[in-house]
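1. Return a 3D structure for these sequence lines:
(chains A and B)
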Amino acid sequence: MSLSRGLPGTAMKVIGLGLFAFFIFGPLMNLAMTSLATSVWIALLTVLVSLALAIPAGYALARLKLPMRALILVLFLLPQAFPSVAIYINVARIFYSLGLTGTVGGVVLVHATHGLVYSVWIAAAAFAAVDRDLELAARNMGASPLRTFFTITLPLATPGLIASAIFVFLESLDEFTGTFFVGVPQVSTLPLLLYNASMGGNYQIASITALILLVPSVLFMLFIERFLRADVLSKVGR
Amino acid sequence: MSRSSTLGLLLVAPALTLVAMLFLWPLGFSLYAAFTKDGAFTLQHFAKAFELYSTDILFTLVIVLLSTALIAAVAIAISGLLTLSETPWLIAILKQLYRWPLFIPFIVAGQCMRTFLAKNGLMNNTFVSMGILDPSQTMSFLDWRGIVITFVWKQAPFVILMLAGAMASIDRSTIEAARNLGASRFRSLFEIVLPQVTQTLLVALVLSFVTMLSVLSVPMMVAGSQPTMLTVDMAFRINAYGDYPTANALGVISYGFTAIAAWIYLRHNLAQHSEAGK
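-> Numbering: from 1, shown residues only, chains lettered A, B, ... in the order given. As a prediction, the model looks like this:
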């Protein structure tokens, strides 16, 4: 009750603060906003790519018989478990020969690979947490496997999939190293703007960028527990 | 092969292709570039890497090991407090506070530390205005100390999260039995609780170790000057000279560090399994 009454008031305060900040930092904000738009665009594309890859892969890992299942799970972990700089310098070299350096597409691919461990592992856990009896009931009543998947399994796994999407979104938003090697010079995301401003001694822009980057991370900390339920969490990596 | 496993492999294939293209292929590329010259096997890139960067190799190892040790100490202390403390308000405050750094990006942490630890930074200015330090006594922490402070601040919450979770799931009656028999909280932490969660502690520390080895932004932003960490040297080799062989040799050395961490973990794991089998 108090939440719904307090919400409009809080929203007004946030908008007011935002306007206040805009008038003070307006000229500087332009630069930050361009990078913010690039960052969000890249993060959204990364989420799309990784969901498109992780939903089939997660379903297969959770429900179907797979040879060498443990090895496949570990393969998705590897890009996170290796010192990434040495990998990214070679990715940049390969991308250069393909004309992918300095493009949004190249950066999205790098971010999606880095985030696969979250998207695939959490998706697999989310599908594994769906009650098998519900699927069997649907099949008994004559639904095709595909229809069962889209009307029963997928909707029930959605909260877990949203959680994995949030993980991937934030990973992409905060990612520095990969963008540093693959995105330069054309793609300037918020972390790159922060780095360049800070190294150039422009602490105003650096501080603004740091604050913008903090907002989604803090929101994530406050709300992730709603999406990632314990029954899904206990199945991650299994 | 049954129909179901073919379908499974088909569904996993696109994601695996991405890993192969953007991880396995570059990994092979880096090994090839590090060990060959004009197609023939050579170790001269490693000789060059050691000649130019042996200080930095040692520096990286010392920084990461020191940070890991400090993280372990902080994590054991705080998760021990969370599990064994009998002061509810302390637990409530710690629970709210400890995880904040976990969700702050490395690059933001680097920028915060850059303004906090500098000679005229927030920390020194606060000390000066409180009259604890004289302006002439202030010094910059933006060197190896800055890197270690940032790493510990950023990674300790992750280890605490895993460790406190593991401690919460052990059988409380073992702790209560020890306490009833007169063991101090300190003693029950080290003799009862910690031995039951070493596995989790080790996993969390190995993951932190590898993360710290791969971070580029923190050493670049917090400590600009020499000596510095291998990640910065690799970036410098590429951006200044386009020198891929030496950069990749340094990369292979950092794989080596990771492999040692993985080996320690696996050995401990095997030892545990064989003990359980007895």
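2. Just confirm yes or no for stretch A:113-129 near chain B.
-> Yes. Counting by C-beta under 8 Å from any C-beta of the partner chain, chain B has neighbours in stretch A:113-129: A:113, A:116, A:120. No exception for glycine: its C-beta is placed from N, CA and C like everyone else's.
3. again, but for stretch A:85-95
-> Yes. Stretch A:85-95 is in contact with chain B by C-beta under 8 Å from any C-beta, via A:85-94.
4. what do you get for stretch A:62-71?
-> Yes. Counting by C-beta under 8 Å from any C-beta, chain B is contacted by stretch A:62-71 at A:64-67.
5. Which pLDDT does the model give the nearest residue to residue B:227 once chain neighbours are set aside?
-> Excluding its sequence neighbours, the residue lying closest to residue B:227 (C-beta to C-beta, 6 or more residues apart in numbering or on different chains) is residue B:59, at 4.4 Å. Listed pLDDT for residue B:59 reads 92.
6. Name the helix or strand for residue B:59, please.
-> Using DSSP states H and E, residue B:59 sits within helix B:44-84.
7. what's the offset of that helix from the middle of its chain?
-> The gap between where helix B:44-84 is centred and where its chain is centred comes out at 8 Å by C-alpha atoms, centre = their mean, to the nearest Å.
8. Quick check: which helices or strands does that helix pack against?
-> With contacts defined as 3 or more C-beta pairs under 8 Å, 6 or more residues apart in numbering or on different chains; DSSP states H and E, helix B:44-84 has these neighbours: helix B:25-35, helix B:88-97, helix B:144-168, helix B:185-188, helix B:194-214, helix B:230-236, helix B:244-277.
9. Chain A is nearest to which of those?
-> helix B:244-277 (2.6 Å; C-beta to the nearest C-beta).
10. Mind listing what's buried along the closest one?
-> For helix B:244-277, burial by neighbour count (16 or more other C-beta atoms under 10 Å in any protein chain shown) applies to B:244-255, B:257-258, B:261, B:265.
11. Just the CA atoms of stretch A:108-124, as CSV, please.
-> Presented in CSV, the C-alpha positions along stretch A:108-124 are these (Å, rounded to 0.1, in the frame of the first residue of the first chain):
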residue,chain,number,x,y,z
VAL,A,108,28.4,-7.2,-29.3
LEU,A,109,30.0,-10.6,-30.3
VAL,A,110,32.8,-10.2,-27.8
HIS,A,111,30.4,-9.2,-25.0
ALA,A,112,28.0,-12.1,-25.8
THR,A,113,30.8,-14.6,-25.7
HIS,A,114,32.0,-13.2,-22.3
GLY,A,115,28.4,-13.4,-21.0
LEU,A,116,27.6,-16.9,-22.3
VAL,A,117,28.5,-18.5,-18.9
TYR,A,118,25.7,-16.5,-17.2
SER,A,119,23.2,-16.8,-20.0
VAL,A,120,23.6,-20.5,-20.7
TRP,A,121,24.2,-21.7,-17.1
ILE,A,122,21.2,-19.7,-15.7
ALA,A,123,19.0,-20.6,-18.6
ALA,A,124,19.8,-24.3,-18.1
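12. Centroid-nearest residue for the chain?
-> Here I'm looking at chain A. In chain A, the residue lying closest to the centroid (C-alpha atoms, centre = their mean) is residue A:168, at 1.7 Å.
13. Please refer instead to chain B.
-> Chain B, centroid-nearest residue using C-alpha atoms, centre = their mean: residue B:208 at 2.6 Å.
14. Just the closest of the buried residues of helix B:244-277 to residue B:80, please.
-> Minimum distance to residue B:80 across the buried residues of helix B:244-277 is 22.3 Å, recorded for residue B:265 (C-beta to C-beta).
15. how far away is the residue nearest to the centre of chain B from residue B:62?
-> 16 Å (C-beta to C-beta, to the nearest Å).
16. do residue A:87 as well
-> 24 Å.
17. Of the two, give the one with the bigger neighbour count.
-> More crowded of residue A:87 and residue B:62, by other C-beta atoms under 10 Å in any protein chain shown: residue A:87, with 29 against 13.
18. Which of the helices or strands spans that one?
-> Using DSSP H and E, residue A:87 sits within helix A:84-98.
19. show me which of the buried residues of helix B:244-277 neighbour chain A.
-> Applying C-beta under 8 Å from any C-beta to those, those adjacent to chain A are B:244, B:247-248, B:250-252, B:254-255, B:257-258.
20. Chain A contacts on the stretch 1-150 of chain B?
-> Counting by C-beta under 8 Å from any C-beta, the stretch 1-150 of chain B comes close to chain A at B:1-2, B:4-5, B:7-9, B:11-12, B:14-16, B:18-19, B:22-23, B:25-27, B:29-30, B:33, B:99-100, B:102-108, B:110-112, B:114-115.
21. which one is the residue nearest to the centre of chain B nearest to, not counting chain neighbours?
-> residue B:155 (4.4 Å).
22. ok, whatever residue of chain A ends up closest to chain B - contacts?
-> Of all residues in chain A, residue A:86 sits closest to chain B, with a separation of 2.6 Å (C-beta to the nearest C-beta). Counting by C-beta atoms under 8 Å, 6 or more residues apart in numbering or on different chains, residue A:86 touches B:30, B:234, B:247-248, B:250-252, B:254-255.
23. wait, the residue nearest to residue B:208 sits on residue B:211?
-> Yes. Between residue B:155 and residue B:211 there is a contact under C-beta atoms under 8 Å: 6.6 Å.
24. any idea which helix or strand comes after the strand or helix carrying residue A:55?
-> In the assignment (DSSP H and E), residue A:55 maps to helix A:2-63. Later in the chain than helix A:2-63, the nearest helix or strand by DSSP H and E is helix A:69-81.
25. If you count contacts, what does that next one end up packed against?
-> helix A:2-63, helix A:104-128, helix B:3-19.
26. Show me how far the second one is from its chain's centre.
-> So that's helix A:104-128. Distance of helix A:104-128 from its chain centroid, counting by C-alpha atoms, centre = their mean, is 7 Å.
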